[in-house]
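Asker: Give me a 3D structure for the following:
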Amino acid sequence: MRVPVEIRATDAEGKPLEESTFTGVVGASGAMIWTSRKLQVGSELEITNRFSQQTARFRVAWVKDQESGKPWETGVESLRPLDDFWGVRFPPKPGHA
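Answerer: This next block holds a predicted model:
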């Protein structure tokens, strides 16, 4: 699901990064986003959903090796439950109401 987002982060070289991008996949606890520069695994970033204008904090969980000329594919996990941050209701996990 492509959701337009604004990200505020520090790249792997320690430089500030603010950019408009989009998600490739969203889930109940995080997302895959595309970034123009590599982010450091374990670093925190702020993501604003441009549809809802909601902002949440995330941690970089993984970064896929960059394919030539393409943006970085970056997995992020939320630091708090996301509720309806993406505008999608995810089914509860079995055993959780």
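Asker: elements contacting the longest strand anywhere in the chain?
Answerer: In the chain, taking DSSP state E as the definition, the longest strand is strand 16-27. Strand 16-27 is packed against strand 4-10, strand 30-35, with contacts defined by 3 or more C-beta pairs under 8 Å, 6 or more residues apart in numbering; DSSP states H and E. To be clear about C-beta, it is placed using only N, CA and C from the backbone, and glycine gets the same treatment.
Asker: So what are the sheet partners of that strand and their directions?
Answerer: Within its sheet, and counting by DSSP bridges, strand 16-27 is paired with strand 4-10 (antiparallel), strand 30-35 (antiparallel).
Asker: can you pull the buried residues of the shortest one?
Answerer: Of the residues in strand 30-35, those scored as buried under the neighbour-count criterion (16 or more other C-beta atoms under 10 Å) are G30, A31, M32, I33, W34, T35.
Asker: got a pLDDT number for the third one?
Answerer: Reading off the confidence values, M32 has pLDDT 97.
Asker: burial measure for S78, as a count.
Answerer: 18 (other C-beta atoms under 10 Å).
Asker: That one: what's it in contact with?
Answerer: For S78, the contact set (C-beta atoms under 8 Å, 6 or more residues apart in numbering) comprises S29, G30, A56, R57, F58, F85.
Asker: Nearest to V3 among the buried residues of strand 30-35?
Answerer: Using C-beta to C-beta, A31 comes nearest to V3 of the buried residues of strand 30-35, at 7.7 Å.
Asker: Now V76: which helix or strand?
Answerer: Element membership for V76 (DSSP states H and E) is strand 72-78.
Asker: tell me the angle that strand makes with strand 30-35.
Answerer: Computed by axes from the mean of the first three to the mean of the last three C-alpha atoms, to 10 degrees, the angle separating strand 72-78 from strand 30-35 equals 150 degrees.
Asker: Neighbouring strands of strand 72-78 in the sheet, and parallel or not?
Answerer: Partners of strand 72-78 in the sheet, by DSSP bridges, are strand 30-35 (antiparallel), strand 55-63 (antiparallel).
Asker: I am finished for the moment; much appreciated.
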